[in-house]
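[1] Build me a model:
(chains A, B, C and D)
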Protein chains: 2
Amino acid sequence: MRIRATAAATLPSVGHAADIGDLRDIVGFHLRLAYGAVYRHFAETFSHLDLTQKQVSVLWLVADHPDIAQTGLAQRMRMDRATTMAIVNRLEARGYLVRGKSATDRRKQTLNLTDAGRGALTVAKAAVREHESWLKARYTPAEVQTLIELLTRLHE
Amino acid sequence: MRIRATAAATLPSVGHAADIGDLRDIVGFHLRLAYGAVYRHFAETFSHLDLTQKQVSVLWLVADHPDIAQTGLAQRMRMDRATTMAIVNRLEARGYLVRGKSATDRRKQTLNLTDAGRGALTVAKAAVREHESWLKARYTPAEVQTLIELLTRLHE
DNA sequence: CGAGAAACGTTGGCGACACTAACAATCATC
DNA sequence: GATGATTGTTAGTGTCGCCAACGTTTCTCG
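    Alright, predicted model coming up:
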């Protein structure tokens, strides 16, 4: 991700009146914009950690599921096997997790966090909480539940 | 995007029981999964057209706003100027839109659809309708409204 | 049991995008 | 009229999604 503390925005600021016509009725359009906004804020919040959403999710899942295989990760995150490889490689190179041999199935490998990985995850979780409260600030608790419920129907 | 009619999925199918632990409470996580699911379905629906969400959105917006400048597009779609360039270049290369000189401001350029672009948009809009009904099939009309409303708060 | 099918990890390649950084031309403003 | 901002542009980097193909290992089924 490589986020700098940066200035020099090339992203034109929107003066709050950009009409988008019929596009306003397209759920997919709003989903994309919302995703983009959240993605950007996440990147900001994590600029000091140099971690992406994906990377944090992987650390998180590996912590929750020791000895998980790459395929398990891929399933839970709806990722391609190849993409999973790339992410695991990156995290392994940074010393946040290690691959091991599976005892039960020699095709598989186990994934586990290192101490450094656990440390990074702890810091990352704090940042996630911050990010989430930025996000949730626009909603009542009930609305948050509704939103999660509605989004879940989309990916289940 | 380059979508083939394809077989040979490298994306492991998920057997509907993938537990994700605490991650279940993270709005951002659901948003990412939902976005991914919608993105994938969109790509499928548009495989015969070879158009991405972004490209369709740009065609749509240019049709609604003749003579719009690239900055206008970028604002409405929350895109980087550089990214906007890339997309406009692609669409121009395919003969779907043309750049022209602005009469009022010689820094700006006007964007307009060609006949081919209008034709593509017409077909694309039909595909969008199909895509949207796939998406909306999981919701009541009221829920659709709620979802749009909640998502809008995230990007406005 | 043994052969073929399936799963797992791996690699390489392509395309889409986001973001940065820097530049020239053109306004806008004082 | 000089200064600073805006617009389009190019170039580069990094993330990620998907496909294709391969070797190893396991499963399935005749």
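
[2] Only C-alpha atoms from now on, for both contacts and neighbour counts.
    Noted.

[3] what separates the most centrally placed residue in chain A from DNA strand D, distance-wise?
    Central residue of chain A (C-alpha atoms, centre = their mean): A:Gln53, 2.3 Å from the mean position. The gap separating A:Gln53 from DNA strand D is 6 Å, by C-alpha to the nearest atom of the strand, to the nearest Å.

[4] And A:Leu151, by the same measure?
    Going from A:Leu151 to DNA strand D by C-alpha to the nearest atom of the strand gives 17 Å.

[5] contacting residues around that residue?
    B:His30, B:Leu31, B:Ala34 (C-alpha atoms under 8 Å, 6 or more residues apart in numbering or on different chains).

[6] From the residues you listed, list the buried ones, please.
    Among these, those classed as buried by 16 or more other C-alpha atoms under 10 Å in any protein chain shown are B:His30, B:Leu31, B:Ala34.

[7] For chain A, just list every one of the strands.
    With strands called from DSSP state E, chain A shows them at A:97-101, A:109-113.

[8] just to revisit the earlier point, show me the buried ones among the contacts of A:Leu151 that map onto helices.
    For these, the ones inside helices are B:His30, B:Leu31, B:Ala34, with DSSP state H as the criterion.

[9] thought the last one was touching A:Glu149?
    Pointing back at B:Ala34 there. No. Applying C-alpha atoms under 8 Å, one finds B:Ala34 not in contact with A:Glu149, separated by 11.0 Å.

[10] ok, the closest residue to A:Lys136 other than its chain neighbours - how many residues close by?
    In space, A:Lys136 comes closest to A:Val144 once its chain neighbours are excluded; the distance is 6.8 Å by C-alpha to C-alpha, 6 or more residues apart in numbering or on different chains. Around A:Val144 there are 19 other residues, counting by other C-alpha atoms under 10 Å in any protein chain shown.

[11] if I look at A:Val144, how far off is B:Pro66?
    To B:Pro66, A:Val144 is 38 Å away according to C-alpha to C-alpha, to the nearest Å.

[12] what's the spacing between A:Thr45 and B:Arg138?
    From A:Thr45 over to B:Arg138 the distance is 33 Å, taken as C-alpha to C-alpha.

[13] Low-confidence ranges, chain A, go.
    A:1-9, A:13-18 (pLDDT under 70).

[14] repeat that with 80
    A:1-23 (pLDDT under 80).

[15] what's the closest residue in space to A:Met79 that isn't next to it in sequence in contact with, if anything?
    Take A:Met79 and drop its neighbours on the chain: the residue closest to it by C-alpha to C-alpha, 6+ apart is B:Leu11, 6.3 Å away. Counting by C-alpha under 8 Å, 6+ apart, B:Leu11 touches A:Ala74, A:Gln75, A:Arg78, A:Met79, A:Asp80, A:Arg81.

[16] In a markdown table, list these along with distance to B:Lys101 and neighbour count.
    Formatted as a markdown table, the contacts of B:Leu11 follow (distance: C-alpha to C-alpha, whole Å; neighbours: other C-alpha atoms under 10 Å in any protein chain shown):
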| residue | distance to B:Lys101 | neighbour count |
| --- | --- | --- |
| A:Ala74 | 48 | 22 |
| A:Gln75 | 50 | 21 |
| A:Arg78 | 45 | 19 |
| A:Met79 | 44 | 21 |
| A:Asp80 | 44 | 18 |
| A:Arg81 | 47 | 18 |
